[in-house]
Structures are given as C-alpha cells and as structure tokens.
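Participant: sequence and computational prediction follow.
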Amino acid sequence: MSFANPFWLWGLSALTIPLIIHLLSRKEGKVIPVGSLRYLKDANTQQFKSLRLNELLLLILRCLLLSIVVLFISGLLIQKNTKQKWVVLEDKLKDHPQAKSLADSLIAQGYELHSLSTDPPTDKEALSTSSYWALPEQLRSKAISEAVIISTARAEGFKGTRVQSPSSIKWITITPSRKEYLIAAIRNTKDSVRIKIGSVYNENTHYKTSSASSIPGEAIFRSDTDSVSIISPDTIRITLASDPAFRYDKQIVLASLKAIQATVATRLIIKESGVEAEQADSTDVLIWLSEKPLPVSKARTIIYYKGSAASPLFQQESDSQWQLSKRLHEEVALNKNLALELLKIILPDQEQWEVADKKDQRTMPEKMIWSAANDGSKENVLLAGYTPLDHYLIILILIVLITERMIAYKRNQ
C-alpha cells in the first residue's frame, strides 16, 4: 500500500471533530416536576442503552467517512500482485551489439523482452509511441513492477511536456556511432557528381559537399552504406538591388550568398544593381534592400526590407514574398543564422530536407531527458505496479454517507 499524495494524511487529525461533537452533545434526562409518583412506572433501561449504542454507531460512521475522504485525497494505491519485469528495447537498436548484450543480461535476470517502435504495434505487449515522455504512462497500465528502457534517446522522439520518470523505470541510453548519410547527388560533369553529405554524432549534425566520380549515364550514386538518385544541376539567378544607405547590408548578404554557394551544388548567378535600375523579370530571386516601394516583379521569390523589431529575421508574407525585418550587420548575421535562413528561402528543396530529417539521429543530452522537480501530482509519483483505488473509495464514501444520514435522520441527530 502506498500514497500518491501522502502530505494530505494530516487530514486524519480531523477525526477529533466528530468525537468532540459527540462528547459535547451528551445530555442528562430532563427533570420534570410531578405532584405524585403514584402513576409512574419503572422504565426499561434497555432503551437508554440502545440510545447510547446508536450514538456510538453514528460516531463510528462519521469517523469512517472522514477517514475515507482523507484516503481519497491522499491517493491511496495498492500494489498489484505481480513481480513481472520488462526490458524494453527500441527497434532501432535490435541489431546493436551493446544493446543486445544488455538485453540478454537482463533477460537472464528474469526480465521479459519487449519492443518499442514509433509504428503501431503488432504485439499487444509491444509499446508504440511518438514521444519518449509518454512511456511512463504506458508502462503503468501494463501491471509490471519494474522496467528498463534501452533507447537511442533521439532528440526528435521527445515531444510535449517533460515529465518525471518513476523510480521503478530505469533508462539506458545507447549513443549511436558517428554516421554519415547521403542527402543528394547532383551531376557535375559527365563522369563526376557533387554530393551533399550529412554527418551526425550525439547532439550534433553537420552537412558538407564534396565531389565524387560517377559512371557516365549512371542514374544512382552509391556510397559504401547509402545511395541516392543523381539529379541534374540547377541554376538560380539572384538580383540584389540596394541603395547607398544599405551598402553594408548588401555586403553582409553577398557574404552569406558566397557561403551558400560554397556548400551547395546549385549554381548561383548573382547580379548587383541599384534600386533605380529596371528589374529584369527573368530573375529567380529578387532581394530588395531599400525603404523605397517594392517594384512589380515576376521573380518566384522576393525578399524585401521592412523594419520590425518584434518579428523574426524573415517573415513570410505570401507564397513568393518574404519580409526582412532587421538591418544587417555581423552580429545579426551570426546570431540569426542569416546564411541558413537565406538557404531555406532560396533553395526550398523540400525533398532533400525530408531526407535529412528522416536520417537525423541526434540524441537528447541525458540531463535534459527527465524533469528533476516533483510538482506533487499523482501522475508524477505514481509507481509502476501500483493501481489507484479512487473509484472504490468514491463508492464507499457514498455508501457510508447515505447510511449515516439515514440513521441520523431516524434518531434526529
């Protein structure tokens, strides 16, 4: 037996209230003066004994009612009759040597092996969740006394509000080895390609581009561990229009565009012009650094300056227009990741971003996984292997209350 909120057990001190009321409400028989005792008969003393018995019964019922209410508020729990222990192994680690060794060791100690997946489970005893923070609640419903979770602790797997893990759940994080994966391969020449590579380790992911040889006419580029389709190179024409007041902003944008060109396979053709010059409709991207009205343009993407201190660096106004909210200098470029934000707007290659997101294996730092604070709620301190008795206590409160009221009404107490 345990309590989710043992602090409220102090309420049992309220049991003195009905006892004091009972003692103070005792009264001696009323004295009635009579002229003669001739017509009085001796009364059966059993009636008075019965009266005292009924008062004692009411006292017991009222004390019992208060006790049950306090137990309900305190979250009375009863331990389930089980010694079952689980080891939960994430599907991504089923072939990992260290994870398999840990699981085998726990199985030898009497643990049952169960899988954890983000897909709907095929086994009723398997666990499936889109957030690791939902696991404690799922394990409570399995009537087990202890669980060990072996997981990669991927950052993408932690969603929602951080919770406190019960002491009966142990968490073991297996850090994946450093891994590189292909994001895209762009045809450079007849016998070479330019490839985008993602490199992930622990909490970090890095991206780089490099050149590699390829068989002429080959449609698939293959590395030692991965493969992607070879696509044709793209060319993006960018018109950078500015007036003299935005000369420094223009230099910051040019530096960012050069950094983008050094890391992507797409060819960027950058044209500088003044805001008075006629803007060619053939440009793909127009960057307008001026407070003068934006000209009519058929560019598929338009980035224009419109100061707004409370907005993010780039605010999307429509499918083709983005608002630049701040004047540019080194601090803004570094703190707001100007080059990365421009890359997302200029090269909105959704397919490549989806590949990168799918293969992202960054992990959550151990100290950030579980909450160390206890807010006192029943959900946070409820242990696996225990079940609440709330429903039974509510029914018992109703039964005792109705019984007490019926007897009190009958005895006018």
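Facilitator: Structure received.

Participant: so what pLDDT did residue 201 get?
Facilitator: At residue 201, the model reports a pLDDT of 66.

Participant: actually, residue 380.
Facilitator: Residue 380 carries a pLDDT value of 38.

Participant: where exactly do the helices run in the stretch 151-300 of the chain?
Facilitator: Assigned by DSSP state H, counting those that start in this stretch, the stretch 151-300 of the chain shows helices spanning 247-263.

Participant: in it, where is pLDDT below threshold?
Facilitator: 176-177, 200-204, 265, 278-281 (pLDDT under 70).

Participant: quick check: residue 393 vs residue 77, distance?
Facilitator: According to CB to CB, to the nearest Å, residue 393 and residue 77 sit 11 Å apart. The C-beta positions use only the backbone N, C-alpha and C, and glycine is treated the same way.

Participant: please apply the same query to residue 20.
Facilitator: Here the criterion is CB to CB. By it, residue 20 lies 32 Å from residue 77.

Participant: just residue 343 next, same as before
Facilitator: Distance, residue 343 to residue 77, by CB to CB: 54 Å.

Participant: go on, residue 402?
Facilitator: Taking CB to CB, one finds residue 402 at 26 Å from residue 77.

Participant: more neighbours, the two?
Facilitator: residue 77 (20 against 10; other CB atoms under 10 Å).

Participant: what about that one, which helix or strand?
Facilitator: strand 76-79 (DSSP states H and E).

Participant: could I have whichever helix or strand comes after that strand exported to PDB, CA atoms only?
Facilitator: Following strand 76-79 in sequence order, the next helix or strand is strand 85-90 (DSSP H and E). The C-alpha trace of strand 85-90 is given here as PDB (Å, rounded to 0.1, in the frame of the first residue of the first chain):
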ATOM      1  CA  LYS A  85       9.700  -7.100 -15.000                       C
ATOM      2  CA  TRP A  86      10.200  -5.800 -18.600                       C
ATOM      3  CA  VAL A  87      13.200  -4.800 -20.600                       C
ATOM      4  CA  VAL A  88      12.000  -2.500 -23.500                       C
ATOM      5  CA  LEU A  89      14.400  -2.400 -26.500                       C
ATOM      6  CA  GLU A  90      13.900   0.200 -29.200                       C
END
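
Participant: of all the residues in the helix or strand just after strand 85-90, which ones are buried?
Facilitator: Next helix or strand after strand 85-90 toward the C-terminus (DSSP H and E): helix 97-108. Of the residues in helix 97-108, 99, 102, 103, 106 count as buried by neighbour count, 16 or more other CB atoms under 10 Å.

Participant: repeat that for stretch 284-302.
Facilitator: Neighbour-count burial for stretch 284-302 flags 284, 285, 286, 287, 288, 289, 290, 294, 297, 299, 301, 302 (criterion: 16+ other CB under 10 Å).

Participant: tally of neighbours for residue 162?
Facilitator: There are 13 residues near residue 162, going by other CB under 10 Å.

Participant: give me phi/psi at it?
Facilitator: phi -70, psi 140 (degrees, to the nearest 10).

Participant: hmm, it is touching residue 364, no?
Facilitator: No - with contact defined as CB atoms under 8 Å, residue 162 does not count as touching residue 364 (10.1 Å).

Participant: so which pair among the buried residues of stretch 284-302 is furthest apart in space?
Facilitator: By the measure CB to CB, 284 and 290 form the most distant pair in these, at 19.7 Å.

Participant: state the distance from residue 282 to residue 236.
Facilitator: Taking CB to CB, one finds residue 282 at 12 Å from residue 236.

Participant: compare these two (neighbour count), which wins?
Facilitator: residue 236 (19 against 9).

Participant: ok, now which ones touch the residue lying closest to the more buried one once chain neighbours are set aside?
Facilitator: Here the nearest residue to residue 236 in space, its sequence neighbours aside, is residue 284; by CB to CB, 6 or more residues apart in numbering that works out to 4.9 Å. Residue 284 makes contact with 236, 237, 238, 299, 300, 301, according to CB atoms under 8 Å, 6 or more residues apart in numbering.

Participant: can you lay out the residues you listed as JSON lines showing distance to residue 408?
Facilitator: Below are these laid out as JSON lines (distance: CB to CB, whole Å):
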{"residue": "236", "distance to residue 408": "86"}
{"residue": "237", "distance to residue 408": "90"}
{"residue": "238", "distance to residue 408": "87"}
{"residue": "299", "distance to residue 408": "85"}
{"residue": "300", "distance to residue 408": "82"}
{"residue": "301", "distance to residue 408": "80"}
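
Participant: do me a favour and get the backbone dihedrals for the spatially closest residue to residue 292 that is not a sequence neighbour.
Facilitator: In space, and not counting its chain neighbours, residue 292 is closest to residue 275: 5.5 Å by CB to CB, 6+ apart. In terms of degrees, to the nearest 10, the main-chain angles of residue 275 are phi -70, psi -20.

Participant: show me the contacts for residue 275.
Facilitator: With CB under 8 Å, 6+ apart, residue 275 has these contacts: 241, 242, 243, 288, 290, 292.

Participant: near residue 308, how many other residues are there?
Facilitator: Neighbours of residue 308 under the rule other CB under 10 Å: 11.

Participant: and it, what are its phi and psi?
Facilitator: Here is the backbone geometry of residue 308 (degrees, to the nearest 10): phi -160, psi 110.

Participant: check it and give its pLDDT.
Facilitator: 80.

Participant: how about residue 271, nearest residue that isn't a chain neighbour?
Facilitator: Per CB to CB, 6+ apart, closest to residue 271 is residue 239, 5.0 Å.

Participant: beta-bridge partners for that neighbour, please?
Facilitator: residue 271, residue 286 (DSSP bridges).

Participant: that one is in contact with residue 299, isn't it?
Facilitator: Yes - using CB under 8 Å, residue 239 is in contact with residue 299, at 7.3 Å.
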